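Novice: Model the structure of this input:
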Amino acid sequence: MKKSSFWAAVFPAALGVLLLAGCGGPNRRIPNRIQVGVACYNQSDTFISELMDSFKHQLTAFEREGLTATVTLKDAAGLQRIQNDQVRELLDEGCNILCVNLVDRTDPSEIIDLARENDVSIIFFNREPVHEDMMQWSELYYVGADAQQSGVMQGELAAEAIHADPRIDRNRDGKIQYVVLEGEAGHQDAIIRTERVADTLKNEGIELEKLGSGVANWNRAQAENRMTQMIGQYHNQIELVLANNDDMALGAIDAYEKLNITETTCPVFFGIDGTSGGLQAVKEGKMAGTVYNDKEGQAGAMARLAAALVTGEGLEEISFDSERCIYLPYQKIDGENVQEFLGDKH
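Specialist: The predicted structure follows:
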């Protein structure tokens with residue numbers, strides 16, 4: 001056979017093999033390992049830390065003979081530029097699936113480009129990218145919850161408490177004087193939770209007077225500082241404290257305890273997330289209620305989705321709420337049902 005005829009026969013066959021090898025979509029070529037790269041906005045966030053513990057535990061359920069699962073976690077400490085670099089490192093280390101908790105939900109493009117260049121799917125979690133960014137590529141997914149629902153439920157819990165106990169309106173003026181501890185300035189979930197809780201209280205027939213608010217970045221120590229400042233400004237006028245998460249509600253309680261303010265002049269406190277500390281505070285009666293953000297359910301959905309995307313098995317069995325998104329519902333917690341949530345969950 002002439003050389004030209006030989007290559008004319010071999011080249012199309014070789015090209016066909018290469019094309020077939022690439023037809024499986026992202027991550028289908030290495031089914032013997034699930035190597036998850038996790039990029040967190042800030043691992044010191046109590047909810048994120050507890051979510052990650054549950055995720056690592058639940059991912060082991062997908063291991064079997066010939067299939068191992070590992071997790072490499074990077075902490076961006078609140079800096080998007082650092083997170084972008086960390087995602088690049090995770091891909092260089094051979095991770096074949098990414099789970100990303102964005103620092104800035106409006107700025108995921110560099111991470112998306114890196115993943116697409118490396119043919120690695122992304123599961124965004126807890127902080128949902130805007131719709132236009134989710135549409136950049138078919139291998140982008142989201143697991144989380146509906147922030148609006150959490151704000152409504154927090155408002156319903158507060159309204160139930162106020163209707164049940166007229167002593168909450170300590171000055172008997174027919175209005176509830178309240179303050180809000182907010183997450184990050186401009187953060188979508190913080191804005192939605194703050195707006196919806198107030199709207200819900202009003203819809204429940206509660207007349208409100210907002211005294212003030214403070215941004216505490218989801219952080220307990222910052223919340224204590226903000227609350228101390230507001231106590232100095234409003235003294236015993238504050239009847240209700242609404243916090244965008246449990247850590248900030250606990251920080252507000254810390255402020256009152258350190259100032260030795262008696263229980264009879266303390267406001268009622270409500271949080272969101274149902275972290276271990278938050279649940280314990282509800283059990284002890286320090287916090288009137290919280291809204292459970294189902295970290296176990298979210299972790300399980302992430303683990304199942306990660307395994308399916310890597311192995312190519314079971315993806316068709318996963319139900320998506322909106323295109324490629326999975327939302328887990330919140331649940332209301334008060335002193336009546338808190339014990340149900342204090343068990344050993346994974």
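
Novice: so what does the helix or strand where Gly232 lies touch, helix or strand wise?
Specialist: Using DSSP states H and E, Gly232 maps to helix 220-234. The contact analysis (3 or more Cβ pairs under 8 Å, 6 or more residues apart in numbering; DSSP states H and E) places helix 220-234 against strand 176-182, strand 208-215, helix 246-258. (Glycine included, C-beta is placed from N, CA and C.)

Novice: quick one: low-confidence ranges for the stretch 151-300 of the chain?
Specialist: Within the stretch 151-300 of the chain, no range satisfies pLDDT under 70.

Novice: Can you redo the helices and strands packed on helix 220-234 as CSV, where the extra columns are distance to Gly278 and mean neighbour count?
Specialist: Putting the helices and strands packed on helix 220-234 into CSV (distance: least, Cβ to Cβ, whole Å; neighbours: other Cβ atoms under 10 Å) gives the following:
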stretch, distance to Gly278, mean neighbour count
strand 176-182, 13, 24
strand 208-215, 19, 15
helix 246-258, 3, 24
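
Novice: And the ones you listed: which comes nearest Leu98?
Specialist: Leu98 sits nearest to helix 246-258 of all these, at 26.3 Å, using Cβ to Cβ.

Novice: and the closest residue to Asp146 other than its chain neighbours, how many neighbours?
Specialist: Excluding its sequence neighbours, the residue lying closest to Asp146 (Cβ to Cβ, 6 or more residues apart in numbering) is Tyr327, at 5.5 Å. Neighbourhood size, Tyr327 [other Cβ atoms under 10 Å]: 19.

Novice: so what's Arg193 up against?
Specialist: 147, 150-151, 154, 183, 244, 272 (Cβ atoms under 8 Å, 6 or more residues apart in numbering).

Novice: make it 6 Å
Specialist: The contact partners of Arg193, by Cβ atoms under 6 Å, 6 or more residues apart in numbering, come to 147, 150-151, 244.

Novice: now the strands: where do they sit in the stretch 101-250 of the chain?
Specialist: Secondary structure of the stretch 101-250 of the chain (DSSP state E, counting those that start in this stretch): strands located at 122-125, 140-144, 176-182, 208-215, 240-243.

Novice: Using a markdown table, lay out the ones you listed together with distance to Ala252.
Specialist: As requested, these are exported to a markdown table (distance: least, Cβ to Cβ, whole Å):
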| stretch | distance to Ala252 |
| --- | --- |
| strand 122-125 | 27 |
| strand 140-144 | 25 |
| strand 176-182 | 6 |
| strand 208-215 | 10 |
| strand 240-243 | 5 |
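
Novice: Leu59: what's its closest spatial neighbour, skipping adjacent residues?
Specialist: Ala303 (4.3 Å).

Novice: Look up how far Gly155 lies from the one you found.
Specialist: In this view, Ala303 and Gly155 are 32 Å apart by Cβ to Cβ, to the nearest Å.

Novice: do the same with Arg64
Specialist: Taking Cβ to Cβ, one finds Arg64 at 45 Å from Gly155.

Novice: Pick out whichever of those two has more residues nearby.
Specialist: Gly155 (24 against 9).

Novice: shouldn't that one be in contact with Val197?
Specialist: Yes: here Gly155 reaches Val197: they are 4.3 Å apart, a contact under Cβ atoms under 6 Å.

Novice: Quick check on Ile238: phi, psi?
Specialist: Per-residue torsions, Ile238: phi -70, psi 120 (degrees, to the nearest 10).
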